[in-house]
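> Need a 3D model of the following:
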Amino acid sequence: MTEYDQRILAACAGLLICLFVLGSFLRTERRRTGPKASVIGTVIGRATSREDGVETSAAIIRYAVNDNVFEITDEIWQPWPTSKVGVRVRLLYPIGRPQDAYRPRPLLRGLVAAGLVALGGAMVAILLGRL
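Below is the predicted model of the structure:
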């Protein structure tokens, strides 16, 4: 296999991975479209995980909607705490589905989508012989 063939194969694999991740990302975002309600939750603790010697944690948030109490674990896992216990945070959820609440992070979500599109574009450029 020539170097050119290896490059094309790697670009195809990279493009497929980008498309899969972008599809998963967009499927999650689609579930979050439509009318939303807002609720204030309270950080009640931290979930922790250890992998390759690095401990990460995410906030556990409790909130109530119509006398029903819910708990979620934040989507962002980091090696340092971002929200202290007792801090109140704003959550959004699709109307009628309070169990699907999440912390709104429009800038982060936009950057992730833009990064995936840019990476996919680079793979297409490699396939077309432009890079």
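
> Find the nearest non-adjacent residue to Pro98, please.
Nearest non-adjacent residue to Pro98, counting by C-beta to C-beta, 6 or more residues apart in numbering: Val65, 3.9 Å away. (Each C-beta comes from the backbone N, C-alpha and C, glycine too.)

> so that neighbour makes contact with Arg97?
No - look at Val65 against Arg97 with C-beta atoms under 8 Å: they stay out of range, at 9.8 Å.

> Remind me what the helix ranked longest in the chain packs against, helices and strands.
Ranked by residue count, the top helix of the chain under DSSP state H comes out as helix 3-31. In terms of contacts (3 or more C-beta pairs under 8 Å, 6 or more residues apart in numbering; DSSP states H and E), helix 3-31 is packed against helix 106-127.

> what mean pLDDT does the next helix or strand after the longest helix of the chain have?
Next along the chain after helix 3-31, taking DSSP states H and E as the criterion, comes strand 36-51. In this model, strand 36-51 has a mean pLDDT of 91.

> Please name the strands paired to strand 36-51 in the sheet, noting orientation.
Using DSSP bridges, the strands paired with strand 36-51 are strand 54-65 (antiparallel), strand 88-94 (antiparallel).

> Need these in TSV (columns: distance to Trp77).
Output for the strands paired with strand 36-51, formatted as TSV (distance: least, C-beta to C-beta, whole Å):
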stretch	distance to Trp77
strand 54-65	4
strand 88-94	16
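
> mind putting the ones you listed in a markdown table, mean neighbour count included?
Listed next are the strands paired with strand 36-51 as a markdown table, based on neighbours: other C-beta atoms under 10 Å:
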| stretch | mean neighbour count |
| --- | --- |
| strand 54-65 | 17 |
| strand 88-94 | 16 |
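
> ok so, going back, identify the residues contacting the residue nearest to Pro98.
Counting by C-beta atoms under 8 Å, 6 or more residues apart in numbering, Val65 touches 37, 39, 93, 98.

> The last one and Val39 touch, don't they?
Yes - with contact defined as C-beta under 8 Å, Pro98 reaches Val39; the gap is 7.1 Å.

> what's the overlap in contacts for the two?
In contact with both Pro98 and Val39: 63, 65, using C-beta under 8 Å, 6+ apart.

> quick one: Asp111 and Thr56, what's the gap?
In this structure residue 111 is Leu, not Asp. Per C-beta to C-beta, to the nearest Å, Leu111 is found 20 Å from Thr56.
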